[in-house]
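Undergrad: Here is a sequence together with a model predicted from it:
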Amino acid sequence: MPEKVHLCLERTLSQTMPTPRIDQILTTRPQGQAIQVQAWVRTFRSKRFIALNDGSCLANLQAVVDFESMGEDLLKRITTGACLRVDGKLVESKGSGQLVELHVTDLSILGDASADDYPLQPKKHSMEFLREKAHLRMRTNTMAAVMRIRHAASFAVHEFFNKEGFYHLHTPIITSSDAEGAGELFRVTTLPEKAIPINEEGKADYDQDFFGQKTNLTVSGQLEGELGAMALGKIYTFGPTFRAENSNTTRHLSEFWMIEPEVAFADLEDNMELSEAFSKHIIAAVMDRCKADLEFLDERMQKEEQLKPQAQRATMGLVEKLQFVLDNPFVRCSYTEAIEVLKRSKPNKKGKFKYPVEDWGMDLQSEHERFLVEKHFKSPVILFDYPASIKAFYMRMNEDGKTVRAMDVLFPGIGEMIGGSQREERHDVLVEKMEAAGIDPAHLDWYLDTRKFGTCVHSGFGMGFERMVQFVTGMGNIRDVIPFPRTPGNAAF
């Protein structure tokens, strides 16, 4: 970089970022140096000690004020939630719990927070209450820790794929296809609400809509991702996806982020290797970069576990669980073998499963997946070769004519973390499967073209990003790992 440009860049950064962040200050050797801090008040006690936090880390910076020099009127405005600009000298702390503290020489209120109205007073709040205050909940220790970990995990996603030679492909958010074929879609339309044009069949005339056809928010970037893999070799998508599924569980959202790699010349074995390496990279990155936040959430999780009956408590703490996943290979088990394990299991024989396991061909439920992971194998598990009847049309048919080259990666406490497959690369077989699924091949002619022009073996998978964040944070509800959850009946904020 030319020297003049470099100096200009440094000058611009110094002008836009004039104050150090608290995470930097807390690791600075105190020598009485003058610094300025801009942060929010967590607590103010004895009219002397202010705990400041700017979101950069879990720990607070203690600022010590002189009551007489500040004045009573100003001190009354130093309330929990208020935003301050504080100038002072950084010195070695005389109190326990912190290495440094800031002796205040000047203090300004940037934004008041009424002590009567501010909802996040320094006490324990339930996660249900905080969801009602989603515009403020990231100021709490728990949600701030989760958001910092979410950032680290997101950065690790791009880091991994860039290192492995993948290209980041931006796939459409508005699309005319339904990749899953499930029909649980959010429609996108500009047709008038009251006088919707009707066609000869008595249905809404989407020919008159903005795009000239029926469109929806994407449920997956996979189909477009396959096109990228057929040209660039290795691609991944990382973007928002939408499911209009009326599900109010702790593991489902209506709007969530999906990571979907697609790889040319890769079979199911390659796909399983990639999914394990990718999962472990994210976990390792979070453990390396978010130690304080993980320890805080680990302690929080252990307190939550103590409130549960003994039989329902987790056998490992959060950090211990993450390290266990890193240290052990993922068990690989065919669907057929898994069915036999489940049929012979005590919960099944004693009628403890809500969905009894009786016949080959059934779709496994979360209770079955968690039994395999947490009780039987006691390790993350990759199930493969599922019945074709319960999987999507694009998965490659095995030679037995009954199963497809599908895989699900199952994690403790979560169940399915990743779903993927070797894709059906044979044009005639794919057309036959589409027709059997009730999908008009003409509607996806562009997708079929990749099977006509230079087809090859290829594979891919999808990971729900929020499920991974839920796993690495130990949070019990997926609504607490995304800033503003979208669920049935809730689109606030």
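TA: Done, it's in.

Undergrad: which ones are touching the closest residue to Asp54 other than its chain neighbours?
TA: Closest residue in space to Asp54, ignoring its immediate chain neighbours: Ala39 at 3.9 Å, by C-beta to C-beta, 6 or more residues apart in numbering. Glycine gets a C-beta too; all of them are placed from N, C-alpha and C. Ala39 is in contact with Ile22, Leu52, Asn53, Asp54, Leu61, Cys83, Leu84, Val86, counting by C-beta atoms under 8 Å, 6 or more residues apart in numbering.

Undergrad: Now the element after whichever strand or helix holds Ala39, going C-ward?
TA: Counting by DSSP states H and E, the element that carries Ala39 is strand 33-45. The first helix or strand that comes after strand 33-45 along the chain, using DSSP H and E, is strand 49-53.

Undergrad: Alpha carbons only: can I get that next one in PDB?
TA: Taking C-alpha atoms only, strand 49-53 is exported to PDB below (Å, rounded to 0.1, in the frame of the first residue of the first chain):
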ATOM      1  CA  PHE A  49     -18.100   2.900  42.000                       C
ATOM      2  CA  ILE A  50     -19.500   2.700  38.500                       C
ATOM      3  CA  ALA A  51     -19.400  -0.700  36.600                       C
ATOM      4  CA  LEU A  52     -19.000   0.200  32.900                       C
ATOM      5  CA  ASN A  53     -19.500  -2.200  30.000                       C
END
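
Undergrad: what's the angle between it and strand 33-45?
TA: In terms of direction (axes from the mean of the first three to the mean of the last three C-alpha atoms, to 10 degrees), strand 49-53 departs from strand 33-45 by 110 degrees.

Undergrad: Sheet-wise, list the partners of the following helix or strand past strand 49-53 with their directions.
TA: Following strand 49-53 in sequence order, the next helix or strand is strand 61-64 (DSSP H and E). Applying DSSP bridges, strand 61-64 is found paired with strand 49-53 (antiparallel), strand 100-111 (parallel).

Undergrad: avg pLDDT for the last one?
TA: Same thing as strand 100-111. Mean per-residue pLDDT for strand 100-111: 96.

Undergrad: Check the shortest one too.
TA: Averaged over strand 49-53, pLDDT sits at 97.

Undergrad: Which residue ranges of the stretch 201-350 of the chain form strands?
TA: Secondary structure of the stretch 201-350 of the chain (DSSP state E, counting those that start in this stretch): strands at 215-217, 234-242, 255-264, 331-334.

Undergrad: Mean neighbour count added to the ones you listed, as CSV?
TA: Output for the strands of the stretch 201-350 of the chain, formatted as CSV (neighbours: other C-beta atoms under 10 Å):
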stretch, mean neighbour count
strand 215-217, 20
strand 234-242, 21
strand 255-264, 23
strand 331-334, 16
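
Undergrad: Export the ones you listed to a markdown table and append columns for distance to Ile283.
TA: Converted to a markdown table, these look like this (distance: least, C-beta to C-beta, whole Å):
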| stretch | distance to Ile283 |
| --- | --- |
| strand 215-217 | 30 |
| strand 234-242 | 17 |
| strand 255-264 | 14 |
| strand 331-334 | 17 |
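
Undergrad: rewinding a little: and Pro240, which of the strands paired with strand 61-64 is closest to it?
TA: Set against Pro240 and scored by C-beta to C-beta, these come closest in strand 49-53, at 29.4 Å.

Undergrad: ok, residues contacting that closest one?
TA: Contacts for strand 49-53 (C-beta under 8 Å, 6+ apart): 22, 37, 39-44, 59-65, 78, 84, 86, 102, 104, 144.

Undergrad: Repeat the analysis, applying 7 Å as the threshold.
TA: Applying C-beta atoms under 7 Å, 6 or more residues apart in numbering, the external contacts of strand 49-53 come out as 22, 37, 39-44, 60-65, 78, 84, 86.

Undergrad: Stretch 301-309 now?
TA: Arg313, Ala314, Gly317, Leu318, Gly474.

Undergrad: wouldn't the third one be in contact with Glu299 here?
TA: In other words, Gly317. No: counting by C-beta atoms under 7 Å, Gly317 stays clear of Glu299, with 8.7 Å between them.

Undergrad: okay, these two: which has more neighbours?
TA: Remark: of Gly317 and Glu299, Gly317 carries more neighbours, 17 against 13, as counted by other C-beta atoms under 10 Å.

Undergrad: and the gap between the more buried one and Leu74?
TA: 44 Å (C-beta to C-beta, to the nearest Å).

Undergrad: and the residue of the chain positioned farthest from its centre, what does it touch?
TA: In the chain, the residue that sits farthest from the middle, by C-alpha atoms, centre = their mean, is Glu68; the gap is 48.5 Å. If you count contacts by C-beta under 7 Å, 6+ apart, Glu68 has none.

Undergrad: For the nearest residue to Ala292 once chain neighbours are set aside, give its distance to Ala436.
TA: Closest residue in space to Ala292, ignoring its immediate chain neighbours: Leu58 at 4.9 Å, by C-beta to C-beta, 6+ apart. Distance of Leu58 to Ala436, given as C-beta to C-beta: 54 Å.

Undergrad: Tell me how many other residues crowd Thr142.
TA: 21.

Undergrad: element containing it?
TA: Residue-wise, Thr142 maps onto helix 141-163 under DSSP H and E.

Undergrad: Just give me how far that helix sits from the chain centre.
TA: 9 Å (C-alpha atoms, centre = their mean, to the nearest Å).

Undergrad: Let's test this: mean pLDDT of that helix, rounded?
TA: Taken as a whole, helix 141-163 has an average pLDDT of 98.

Undergrad: when you give positions from now on, start the count at 30
TA: All right, first residue 30 from here; so that's helix 170-192.

Undergrad: which element follows it toward the C-terminus?
TA: Immediately after helix 170-192, counting by DSSP H and E, sits strand 196-197.
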